[in-house]
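S.K.: Coordinates for the following, if possible.
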Amino acid sequence: MTNEELSDTTTIPGWGFVHSPPRDIPRGALVGTVVSDKMQKTINVAVDRYRIVPKIRKRKRYTRKFMAHDEKEVANMGDLVMIVPCQRISRHKHFMLREIIRTKPSL
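M.R.: Here you go, the predicted structure:
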């Protein structure tokens with residue numbers, strides 16, 4: 001392929017399958033997995049964070065769960081979602097569902 005063809009990503013075969021377009025990530029956004037959708041218009045999202053422990057030189061996973069507002073109830077269990085902070089909706093709910101990044105694969 002020539003340099004002109006390589007500069008235009010639409011001519012590269014399979015480029016759209018491998019590379020996803022860049023996202024505009026808002027301030028304070030978190031990405032996590034939906035662990036509960038049993039409440040009305042509310043989802044429970046588990047966000048994993050990793051920290052390297054210097055003594056054992058391994059990374060440790062820390063999980064925290066956030067409640068997020070899902071107005072149209074589109075998110076399901078196992079979906080990978082992006083939540084963004086918003087004005088406090090209730091005592092525990094101060095995030096809102098921004099987008100579903102990946103749905104849970106069905107068997």
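
S.K.: mind listing the helices for this protein?
M.R.: According to DSSP state H, the chain carries its helices in the segments 3-7, 15-18.

S.K.: Any idea which of the ones you listed has the lowest pLDDT on average?
M.R.: Of all the helices of the chain, the minimum mean pLDDT falls on helix 15-18 (a mean of 61).

S.K.: List the buried residues in stretch 44-64.
M.R.: 44-45 (16 or more other CB atoms under 10 Å). Where C-beta positions appear, they are placed from N, C-alpha and C, glycine not excepted.

S.K.: Sketch out the low-pLDDT regions of this structure for me.
M.R.: Along the chain, the parts satisfying pLDDT under 70 run over 1, 9-10, 12-22, 107.

S.K.: all strands of it, in order?
M.R.: 30-36, 42-53, 58-69, 80-85, 93-102 (DSSP state E).

S.K.: so who does residue 30 touch?
M.R.: Each residue near residue 30 by CB atoms under 8 Å, 6 or more residues apart in numbering is listed here: 45, 47, 66, 82-84, 95.

S.K.: switch to 7 Å and redo it
M.R.: Residues in contact with residue 30, defined by CB atoms under 7 Å, 6 or more residues apart in numbering, are 47, 66, 83.
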